[in-house]
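Student: I would like to see how this sequence folds:
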Amino acid sequence: MNQIVKELGWGVKIMRIFKLELLIFSLIVWSACDQNLLPLPDNPNQNSIQSSLSQATKPDESKKVIISGMIDIDPKLFMRLRGSETLYITARRGQNGPPVAVRRMKQLQFPIPYTLTSDDQMVKGQAFKGEVSVVARIDLDGNAGLPQTGDMEGIIRQVLIGTDNADVTIDKLY
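Tutor: I've put the predicted structure just below:
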């Protein structure tokens, strides 16, 4: 009997550690979603802040536009906005596939032009070909999790990557 209790004790400790690691991993992923990290300078002797800022302000001509368009909202839903919402624009493979690219926006003024570029990729360096679904979701609490009561959404089911007129109307209320 004592052996079973000891084994259960270790099992409980392992589960607690696993849950803690999962929580830490989730927090890291969540906090990194909206970070604008600047690359380190090529020359370590340069002032890193100045060189990083100059790199960040220069437009990169090699960025390939994945998808762009306008996001608008149904007037009935517009009346529900409070001014503190977060807009997530997501390109997914299929309707429920993993996100290919995501952009987060605040201070919403509709209609909103959007562009998903290589900077918004979830996995950098993957080739973009074929069709995706574009989802524009207004999230009341700012968390990128599952939609909750009061969140709003608009979807385009089939968009070819490279499209520059992928306009989305937010017309669904959760």
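
Student: And the helices in the protein, which stretches?
Tutor: Per DSSP state H, the chain carries helices over the ranges 2-32, 48-57, 75-78.

Student: can you tell me which of those helices the model trusts least?
Tutor: For the helices of the chain, mean pLDDT drops lowest on helix 48-57, to a mean of 44.

Student: Now do the buried residues in stretch 101-112.
Tutor: Under the neighbour-count criterion of 16 or more other CB atoms under 10 Å, stretch 101-112 has Ala101, Val102, Arg103, Met105, Leu108, Phe110, Ile112 buried. No exception for glycine: its C-beta is placed from N, CA and C like everyone else's.

Student: Kindly apply the preceding question to stretch 133-146 instead.
Tutor: Across stretch 133-146, burial judged by 16+ other CB under 10 Å covers Ser133, Val134, Val135, Ala136, Arg137, Ile138, Asp139, Leu140, Ala144.

Student: Ile73 is in contact with Ile170, isn't it?
Tutor: Yes. Using CB atoms under 8 Å, Ile73 makes contact with Ile170 at a distance of 4.3 Å.

Student: Mutual contacts of those two, please.
Tutor: Here Ile73 and Ile170 have Ile138, Met152, Gly154 as joint contacts, going by CB atoms under 8 Å, 6 or more residues apart in numbering.
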